[in-house]
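**Student:** Below: sequence and its predicted model.
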Amino acid sequence: MLTRKTFLKSGAGLAAAATIAPALPARAATKKKFTLAWTVYVGWMPWPWAAQQGIVKKWADKYGIEIEVVQVSDYATSINQYTSGMFDALTITNMDTLAVPAVGGVDSTSIITGDYSNGNDAVILKGKTKFEDIKGQKINIVQYSVSQYLLDRGLQLHGMTERDVRLVNTSDADMAAAFLTPDVTAVVTWNPIVEQIDADKGAHNVFNSSQIPGEILDLVIVNSKTLDANPEFAKALCGIWYETLGIMLSDTPEAKKAQAEMGQLSGTDYAGFASQLKTTHLFSSPEKAADFTKGSQLIATMDHVRQFLFAWGMLGQGAASPNVVGIEFPSGHVLGDTKNVKFRFNAEYMAMTAAHQL
């Protein structure tokens, strides 16, 4: 379960491949059939559940369109396929949106700020209780993933850099078993692996994503040309999302049933799904999501993200600075190249939902 963070440095290759994909027309045509791709992750399970319950069809019918919710088995593959034009919309992190479709030249707009990791990602030491004890250690980690971003931020906040540690690239599938071996003393990983390792009496969770709230974001993005020509698609997606959240987060038997069914769809049960929800900060209302998206914290976060990607060569070959790609925010402020904006945060449709204007 939880494949969303297994984005590797191959993402730069995916972006490069996307640049040789057939070019989209300067303006996308209006159409009636749309696709949203998703992969298994606690914060994205409302989508297949909503499809099963008829909520997707209900909102699509309202706007006279069809929406197909498509599962992709591998997260990196879903990004590649979206970038090459196979899907209209995608569930993806903020970091990966910038690193792949944006760098690959595909202009994308985030229309739903869904959640942020609030403890799902963690730095765990064996037999040591303070983050500072990480200095000089070998760290098992999925390199070039959100885990490395978390480590980078932890090191920054504690006056260190990645020169103070040694990274050992390790598959997420091997992480829990590796921690049990004598040679492994530090890991950075994500749930449910964090929960498995934390159960070991020698494990100490010394830094996690709850200490950088709002930085590891899960989004729904739409191809910007498709969005401009078909705003009803975004309206339907927001309607689906917030109706579904209203059910699953209510204090009702229906909410427990919905969460249990989402758990089954993702390969776990109610208890497992509920446990992972505790370390996932879902923006429970469109008002909260829109306010966050319009706030200054998001600009600061995306600056951290682009600086990290540039430092590790993930903004494309020949990138001379983090400014190579422009990121636009609801206020109109742009980080980076104003003439090459390829990643846009849009709060309009969330605000419309909040104002009951869908």
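**Tutor:** Cool, the structure landed.

**Student:** Grab the longest strand from this structure for me.
**Tutor:** Ranked by residue count under DSSP state E, the longest strand found in the chain is strand 108-117.

**Student:** Now do that strand: distance to the chain's middle.
**Tutor:** How far strand 108-117 lies from its chain's middle: 7 Å, per CA atoms, centre = their mean, to the nearest Å.

**Student:** per-residue confidence averaged over that strand?
**Tutor:** The pLDDT scores in strand 108-117 average 97.

**Student:** Mind checking what secondary structure N140 has?
**Tutor:** Using DSSP: H, G, I helix; E, B strand; the rest coil, the structure places N140 in strand.

**Student:** For the very next helix or strand once past the longest strand of the chain, name the packing helices and strands.
**Tutor:** The helix or strand immediately downstream of strand 108-117 is strand 121-126, counting by DSSP states H and E. For strand 121-126, the packing partners by 3 or more CB pairs under 8 Å, 6 or more residues apart in numbering; DSSP states H and E come out as helix 146-157, strand 186-190, helix 193-198, strand 203-208. To be clear about C-beta, it is placed using only N, CA and C from the backbone, and glycine gets the same treatment.

**Student:** Now with 10 Å, please.
**Tutor:** On a contact count with 3 or more CB pairs under 10 Å, 6 or more residues apart in numbering; DSSP states H and E, strand 121-126 meets strand 138-141, helix 146-157, helix 172-179, strand 186-190, helix 193-198, strand 203-208.

**Student:** that older thread, list the strands paired with the longest strand of the chain, with their directions.
**Tutor:** strand 217-223 (antiparallel), strand 280-282 (antiparallel), strand 341-345 (parallel) (DSSP bridges).

**Student:** I'd like the mean pLDDT over the helix or strand just after the second one, please.
**Tutor:** The one in question is strand 280-282. Sequence-wise, the next helix or strand downstream of strand 280-282 (DSSP H and E) is helix 286-294. Mean per-residue pLDDT for helix 286-294: 98.

**Student:** domain assignment for this structure?
**Tutor:** Domain assignment for the chain by automatic domain parsing gives 10-116+215-354, 121-211.

**Student:** right, so the ones you listed: which one is the most enclosed?
**Tutor:** Greatest average neighbour count among the domains of the chain goes to domain 10-116+215-354 (a mean of 19), per mean count of other CB atoms under 10 Å.

**Student:** I'd like the distance between T189 and S210.
**Tutor:** 15 Å (CB to CB, to the nearest Å).

**Student:** Output the strands paired with strand 108-117 in JSON lines; the columns should cover distance to V184 and mean pLDDT.
**Tutor:** Below are the strands paired with strand 108-117 laid out as JSON lines (distance: least, CB to CB, whole Å; pLDDT from 0 to 100):
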{"stretch": "strand 217-223", "distance to V184": "29", "mean pLDDT": "97"}
{"stretch": "strand 280-282", "distance to V184": "27", "mean pLDDT": "96"}
{"stretch": "strand 341-345", "distance to V184": "36", "mean pLDDT": "98"}
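
**Student:** Tell me which of these lies nearest to M262.
**Tutor:** Nearest of these to M262, taken as CB to CB: strand 280-282 at 12.0 Å.

**Student:** outside of that closest one, which residues touch it?
**Tutor:** Strand 280-282 has contacts (CB atoms under 10 Å, 6 or more residues apart in numbering) with 41-43, 46, 114-120, 191, 209-210, 213-214, 217-218, 245, 248-249, 288-289, 292.

**Student:** Name the nearest residue to D269, ignoring sequence neighbours.
**Tutor:** Closest residue in space to D269, ignoring its immediate chain neighbours: G263 at 5.2 Å, by CB to CB, 6 or more residues apart in numbering.

**Student:** And the pLDDT at V168?
**Tutor:** pLDDT for V168: 96.

**Student:** next one: S73
**Tutor:** Per-residue pLDDT puts S73 at 86.

**Student:** A strand includes it, no?
**Tutor:** No - counting by three-state DSSP, S73 is not part of a strand but coil.

**Student:** Not counting its neighbours along the chain, what's nearest it?
**Tutor:** S73's closest residue in space is T39 (CB to CB, 6+ apart), at 7.4 Å.

**Student:** Quick check on the one you found: phi, psi?
**Tutor:** Dihedral pair for T39: phi -130, psi 160, per degrees, to the nearest 10.

**Student:** I'd guessed it sits against V69; true?
**Tutor:** No - under the criterion of CB atoms under 10 Å, T39 makes no contact with V69, lying 11.8 Å away.
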